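Q: whatever this is, show me its structure:
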Amino acid sequence: MSTNEEADGVRDLMLRSLDRIVEEKAENAAQRADGKPGFPADLWSALEEAGMTALGEENEGDLGLGNAAALIERAAYQTLPVPLAETILARRLLAKAGIDIPDGALSVAPPSANRDGKAAGVPWASSVAGVVVASGPDMLALVDAREASSPGFNMAGEPRETIDLGRARVIASAKVVDAPGVAEAEGALIRAVQMSGAMSRVLEHGLTWANDRIQFGRPIARFQAIQHLMAELAAEAAAGSASALMAVEAVAERSDRLAIAIAKARTGEAAGRVCAIAHEVFGAMGFTQEHTLHYATRRLWSWRNEFGSEVHWQAEIGRAIAAGGADNLWATLTAHG
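A: Numbering: from 1, shown residues only. Below is the predicted model of the structure:
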């Protein structure tokens with residue numbers, strides 16, 4: 001069996017297992033009655049037992065990153081309320097730094113939100129065994145923030161907490177060249193993959209709704225205006241997913257920050273348009289708590305701004321292209337197209 005066939009087989013097995021776990025395990029609320037983050041321990045344990053939380057390290061090559069990306073995309077499609085993507089991201093960063101990887105769930109502090117001795121917007125900080133922090137221009141640290149974090153949530157209700165770095169216990173640290181840049185790029189890649197999965201779910205919701213919703217005696221999917229909107233939604237979702245997939249393939253072979261920048265910028269742009277079209281097609285029903293559309297759209301609105309918005313990454317793309325000069329423009333574009 002070839003390496004590609006082996007990777008595809010492992011990926012298919014994991015995705016089927018993930019779907020079964022979702023069916024069997026009820027979601028716990030991410031927010032407790034006292035306003036502090038909760039943690040869906042049963043769901044997380046099931047993912048750990050299935051071997052889904054220990055993937056993606058650089059030394060595993062495409063089998064690691066490719067399967068991890070497929071798993072992250074499907075988890076985002078299922079809108080799982082667990083730090084699976086963050087754990088895989090943290091494990092990749094710890095492997096790069098040569099720091100021993102602890103058991104259990106992990107997280108990463110977005111470097112751009114670290115200032116005045118605090119790290120803001122950290123996913124699941126008080127619920128995980130450790131948080132990876134860019135503690136200096138060339139230093140990554142693993143800290144225990146469970147007693148040094150204050151609660152907070154993003155638009156989707158996912159825990160996004162603030163860590164007092166002066167109170168957090170340092171577990172280990174190591175030198176990594178351009179630690180903030182490495183953490184930001186890796187995080188952007190993971191968020192791009194997650195947005196790809198969530199956009200697929202929004203597209204599925206939209207197609208189902210357009211075919212089920214009856215107006216003037218026929219499904220609204222038969223109206224040309226709705227067909228145009230759904231075609232645009234599908235095109236945006238496909239473009240975002242393609243850019244994320246190409247970035248995963250590029251990073252599996254070599255360090256490629258430009259590919260990540262393109263992926264994060266394009267998926268973020270697509271996410272904004274996908275959400276707008278979906279809610280236009282759904283009308284008032286799409287904004288209700290009862291319909292499940294918001295589980296995906298609220299995550300998309302949140303993720304597009306985490307680890308750098310599309311504006312941030314578009315500016316970096318522009319700087320990279322300009323630095324390469326006019327003579328290299330076509331070669332650069334075709335290498336990432």
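
Q: for the residue nearest in space to the middle of the chain, what are phi and psi?
A: Geometric centre of the chain, nearest residue: Arg191, 2.7 Å, by Cα atoms, centre = their mean. Backbone torsions of Arg191, given as degrees, to the nearest 10, read phi -70, psi -40.

Q: who's in contact with Gly268?
A: Counting by Cβ atoms under 8 Å, 6 or more residues apart in numbering, Gly268 touches 192, 195, 304-305, 309-310, 313. All C-beta spots, glycine's among them, are computed from the backbone N, C-alpha and C.

Q: the same query, at a cut-off of 7 Å, please.
A: Contact analysis of Gly268 by Cβ atoms under 7 Å, 6 or more residues apart in numbering lists 304, 309-310.

Q: how about the residue in the protein that sits furthest from its center?
A: Gly217 (40.5 Å).

Q: could you check the distance from it over to Ala320?
A: Note on Gly217: its distance to Ala320, by Cβ to Cβ, to the nearest Å, is 54 Å.

Q: pLDDT weak spots in the protein?
A: 1-11, 13-14, 20, 22-37, 56-63, 336-337 (pLDDT under 70).

Q: show me where it has strands.
A: With DSSP state E, the ranges of strands along the chain come out as 106-108, 114-115, 118-123, 130-136, 139-144, 149-150, 160-164, 169-175, 214-215, 218-219.

Q: among those strands, show me which one is buried the most.
A: Highest mean neighbour count among those (mean count of other Cβ atoms under 10 Å): strand 106-108, with a mean of 28.

Q: same for that strand, what does it pack against?
A: If you count contacts as 3 or more Cβ pairs under 7 Å, 6 or more residues apart in numbering; DSSP states H and E, strand 106-108 packs onto helix 84-97, strand 130-136.

Q: which residues are in contact with that strand?
A: Against strand 106-108 from outside (Cβ under 7 Å, 6+ apart): 83, 86-87, 89-91, 93, 122-125, 128-132, 183, 187.

Q: in the protein, which spans are helices?
A: Ranges of helices within the chain are 3-24, 41-49, 61-77, 84-97, 179-212, 224-253, 257-282, 293-303, 310-324, 329-335, based on DSSP state H.

Q: in TSV: the ones you listed, plus distance to Arg115.
A: Output for those, formatted as TSV (distance: least, Cβ to Cβ, whole Å):
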stretch	distance to Arg115
helix 3-24	37
helix 41-49	31
helix 61-77	28
helix 84-97	20
helix 179-212	12
helix 224-253	28
helix 257-282	21
helix 293-303	20
helix 310-324	16
helix 329-335	33
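
Q: need the contact list for Ala76.
A: With Cβ under 7 Å, 6+ apart, Ala76 has these contacts: 194, 197-198.

Q: most neighbours, which of those residues?
A: For these, the largest neighbour count, defined by other Cβ atoms under 10 Å, is 31 neighbours, found at Ala198.

Q: hmm, that residue is touching Ala296, no?
A: Yes: the pair Ala198 / Ala296 is scored as a contact, 4.6 Å apart, by Cβ atoms under 7 Å.

Q: contact partners for Gly324?
A: By Cβ under 7 Å, 6+ apart, the residues touching Gly324 are Thr332.

Q: roughly how far does it sit from Ile260?
A: Using Cβ to Cβ, we find Gly324 at a distance of 17 Å from Ile260.

Q: and Gly121, by the same measure?
A: Counting by Cβ to Cβ - Gly121 and Ile260 are separated by 19 Å.

Q: what do you get for Ala276?
A: The spacing between Ala276 and Ile260, counted by Cβ to Cβ, is 25 Å.

Q: same question for Gly136.
A: In terms of Cβ to Cβ, Gly136 sits 22 Å off from Ile260.

Q: cool, His205 as well?
A: Going from His205 to Ile260 by Cβ to Cβ gives 28 Å.

Q: so which of the two has more stuff around it?
A: Comparing His205 with Ile260 by neighbour count (other Cβ under 10 Å), the higher total belongs to Ile260, at 28 against 21.

Q: do I have it right that the more buried one meets Leu189?
A: Yes: here Ile260 lies in contact with Leu189, judged by Cβ under 7 Å, at a distance of 4.8 Å.

Q: which residues are in contact with each of the two?
A: Common neighbours of Ile260 and Leu189, using Cβ under 7 Å, 6+ apart, are 247, 251.

Q: nearest residue to Ser126 other than its sequence neighbours?
A: With Cβ to Cβ, 6 or more residues apart in numbering as the criterion, Ser126 has its nearest non-adjacent residue at 4.5 Å, and that residue is Ser149.

Q: okay, now the closest residue to Ser302 other than its chain neighbours: neighbour count?
A: Excluding its sequence neighbours, the residue lying closest to Ser302 (Cβ to Cβ, 6+ apart) is Asn154, at 4.2 Å. Per other Cβ under 10 Å, the neighbour tally for Asn154 reads 17.
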